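Trainee: would you be able to build a 3D model of this:
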Amino acid sequence: MSVSESQNRISFFRRYSKEDKLLSILDLDPRKEKNLFKNEDLRKIVTEHPNLVKKKYKFRCYEKKIHPIVMALFLPVDEHVYKSMHKTYPEAKKSCPLAALVIRGSTLDDFKNALVKDPGDIEMFFAG
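Mentor: Residues are numbered from 1 along each chain as shown. Predicted coordinates for the structure are as follows:
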């Protein structure tokens with residue numbers, strides 16, 4: 001294996017482990033597992049790896065991929081952690097109707113525009 005192949009392989013596993021760490025912090029059932037949520041762990045990972053909040057992830061409690069900030073808002077997220085996540089990726093509120101509903105500062109236009117992009121998103125959330 002060449003040096004560049006080895007570096008790519010290491011990079012892949014580091015990226016995977018960062019995402020895996022984020023999921024281990026946020027992938028909780030907000031109705032039953034809020035007490036397992038660790039604000040400090042979330043603060044640390046979003047501070048060290050801010051690009052993680054720009055991606056969507058599949059969480060157990062929701063059928064579609066959503067941004068971590070949305071999932072954090074269903075948990076007892078500290079306001080400073082929330083603000084850090086929002087500052088890193090304020091566009092999340094325009095990415096899906098659910099985000100537009102829960103992210104502070106979202107407008108009716110954010111919600112309408114996101115709903116046009118994915119009209120089944122809200123129905124699925126409230127039906128499930």
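Trainee: what ranges does this structure have for its strands?
Mentor: For the chain, the strands defined by DSSP state E occupy 57-58, 65-66.
Trainee: and among the ones you listed, the most buried is which?
Mentor: strand 65-66 (a mean of 18; mean count of other C-beta atoms under 10 Å). No exception for glycine: its C-beta is placed from N, CA and C like everyone else's.
Trainee: pull up the pairing partners for that one, direction included.
Mentor: Strand 65-66 sits in its sheet next to strand 57-58 (antiparallel), going by DSSP bridges.
Trainee: contacts for the partner strand, please.
Mentor: Strand 57-58 is contacted by residues E19, L22, L23, L26, D27, K64, K65, I66, H67, P68, M71 when judged by C-beta atoms under 8 Å, 6 or more residues apart in numbering.
Trainee: need the contact list for the last one.
Mentor: The one in question is M71. L26, D27, Y57, F59, Y62 are the contacts of M71 under C-beta under 8 Å, 6+ apart.
Trainee: ok, now the second one?
Mentor: With contacts defined as C-beta under 8 Å, 6+ apart, the neighbours of L22 are L42, I45, V46, H49, L52, Y57, P68.
Trainee: is it true that the fifth one touches L26?
Mentor: Put plainly, it is L52. No - L52 is not in contact with L26 according to C-beta atoms under 8 Å; the separation is 10.2 Å.
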